[in-house]
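> Need a 3D model of the following:
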Amino acid sequence: MKSASYLCRSDHSETRTTILTRLLAIGLMYGSQGIPAGLAFNAFSTILRHSGTPLKDIGLTGLVFLPWALKCFWSGIADNAGKRWGYGALALWTHMSAVVVCLLLGFASPEHHFLLALSGILLLNTIFATQDIFTNACAVSHMKGRNAGLANALQVISFLLGMVVGGAGSLFIYERLGWSGAMWGMACELFILWLALLPLRAGIEPNRVFQQPSRLMDLFRQPGFRWALLMALTFKFASSALAMLLQPWLMDRSFSLDFAGTLQMSNIICGALGGAVIGFPAVRFLGCRRAVALLIWPSTLLLGTLVCLQAGGMATPVLLYAGLGIENFLDGGFYVSVWATLMNWSSEERPGTDYSFLQCGESLANVLAGMSIAPLASVIGYNRTFLVAWIAGAFALLLVVTSARKLAGLCEGTEPSKQSFKHMRHS
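Alright, predicted model coming up:
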């Protein structure tokens, strides 16, 4: 009896250690991917506007999100390569190639070599969009079902913290050391994360590797595909547009680079906290789809924060911190519920393909938002553009809620377990 009890405790301890190792590997990889995304999504347009680049040219920065929107076209190839050569090994190789690109980008200042710098950031995001396919394979294989909320909370938190480093951190270094310092600093950050990932490589591999090749046609035939794709395309479009327009708006209102960077950092940290404090518990106790249906309402309502502050002439630093912080806090929880739903819908037979394809929907929305929002503001002004984005968010609410209902019964682990409710009552 004692021997059996000891073996049971030993197996439980080993399983717990394995889960923690995998969570650490997933967190480090998603955090790494957030660094170049933060540079592209938050810092690059601010740097360009600070140097006097016109809004219509800043609209070209939306192109750097194309790899995240188009990775679906090579997700099957990358997934099959991971099955053959190992997801962990390929993740490390792509990561190291990004370090080299950052070192080279230090010699291409956007003020003097705009197209070259834009191309370099595009390449950097292509590399990490590919690594994301390997990361997704690990997450879907190990965390689908009961742990989907935890995995997606970790994804949101890690990615957003990476964006703090790549966005606000890059602005902080840029103001003091210039473009070269920012790029070489990013290379050092990524290299440190590569060293941390090195001993965790085995934990990235899926539990079961299906020998059948991953094909997009199989994904398209999966029940509920259209509704899952519609949710991925629409849930973040309005908030992405507002986030991209925020930085040029701050520059045109004569706020300092330091304030722009700290506000951006505050927003991202609030989003990460929302994912942990709201998103994970909501998914665990309500189920993925119910959490989506609940959290989307306050998230959409708060998209009007900038409209109200601008219209009322109350866009002071304190109110910007408070209003946008609350908005991002609720957004973070909402994003976790959406991605937990989409992860549970994805197939384990194509661990790197299905989830990556759906992520392309969000990225495509980011590309469209980035390429349209700044030029629109140059034509109709900031006030009306903020209002248009809010209306777009209200329209997206209807589409997301409808999609969540249509996915009923097609997502593993979407309903809360009885154990969760028992634990909630006793706690």
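
> quick one: low-confidence ranges for the stretch 301-427 of the chain?
With pLDDT under 70 as the threshold, the stretch 301-427 of the chain has low-confidence stretches at 412-427.

> Which residue ranges of it form strands?
Shown for the stretch 301-427 of the chain, no strands are assigned by DSSP state E, counting those that start in this stretch.

> what about the helices in it?
Taking DSSP state H, counting those that start in this stretch as the test, the helices found in the stretch 301-427 of the chain are 305-311, 317-345, 354-380, 382-406, 418-426.

> just those helices: most buried one?
For those, the largest average neighbour count (mean count of other C-beta atoms under 10 Å) is found in helix 317-345, namely a mean of 24. In short, each C-beta sits where N, CA and C put it, glycine included.

> That helix: how far from the chain's middle?
Taking C-alpha atoms, centre = their mean, to the nearest Å, one finds helix 317-345 lying 11 Å from the centre of the chain it belongs to.

> what's residue 70 in contact with, if anything?
residue 360 (C-beta atoms under 8 Å, 6 or more residues apart in numbering).

> do the same with residue 108
116, 117, 120.

> Reformat those residues into CSV and put secondary structure, distance to residue 88 and neighbour count next to each item.
Listed next are the contacts of residue 108 as CSV, based on DSSP: H, G, I helix; E, B strand; the rest coil; distance: C-beta to C-beta, whole Å; neighbours: other C-beta atoms under 10 Å:
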residue, secondary structure, distance to residue 88, neighbour count
116, helix, 33, 15
117, helix, 32, 21
120, helix, 27, 21
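
> right, so of the helices of the stretch 301-427 of the chain, which gets closest to residue 88?
Nearest of the helices of the stretch 301-427 of the chain to residue 88, taken as C-beta to C-beta: helix 354-380 at 16.7 Å.

> Next, the angle from that closest one to helix 382-406.
Following axes from the mean of the first three to the mean of the last three C-alpha atoms, to 10 degrees, one obtains 150 degrees for the angle between helix 354-380 and helix 382-406.

> For the contacts of residue 108, give me TSV that also has distance to residue 28 and pLDDT.
Output for the contacts of residue 108, formatted as TSV (distance: C-beta to C-beta, whole Å; pLDDT from 0 to 100):
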residue	distance to residue 28	pLDDT
116	30	86
117	27	85
120	24	89
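
> So which of those residues is the closest to residue 157?
Each of these was scored against residue 157 by C-beta to C-beta, and residue 120 proved nearest at 27.8 Å.

> that older thread, nearest to residue 183, out of the helices of the stretch 301-427 of the chain?
The closest of the helices of the stretch 301-427 of the chain to residue 183 is helix 354-380. By C-beta to C-beta, the value is 20.9 Å.

> The closest one vs helix 317-345, what angle?
In terms of direction (the same axes, to 10 degrees), helix 354-380 departs from helix 317-345 by 150 degrees.

> any idea how far residue 294 is from the closest residue to residue 346 other than its chain neighbours?
Once flanking residues are discounted, residue 346 sits nearest to residue 354: 3.7 Å by C-beta to C-beta, 6 or more residues apart in numbering. Residue 354 sits 25 Å away from residue 294 when distances are taken as C-beta to C-beta, to the nearest Å.

> Would you map the helices across the stretch 101-250 of the chain?
Going by DSSP H, counting those that start in this stretch, the stretch 101-250 of the chain shows helices at 114-143, 148-164, 170-197, 216-221, 225-234, 237-252.
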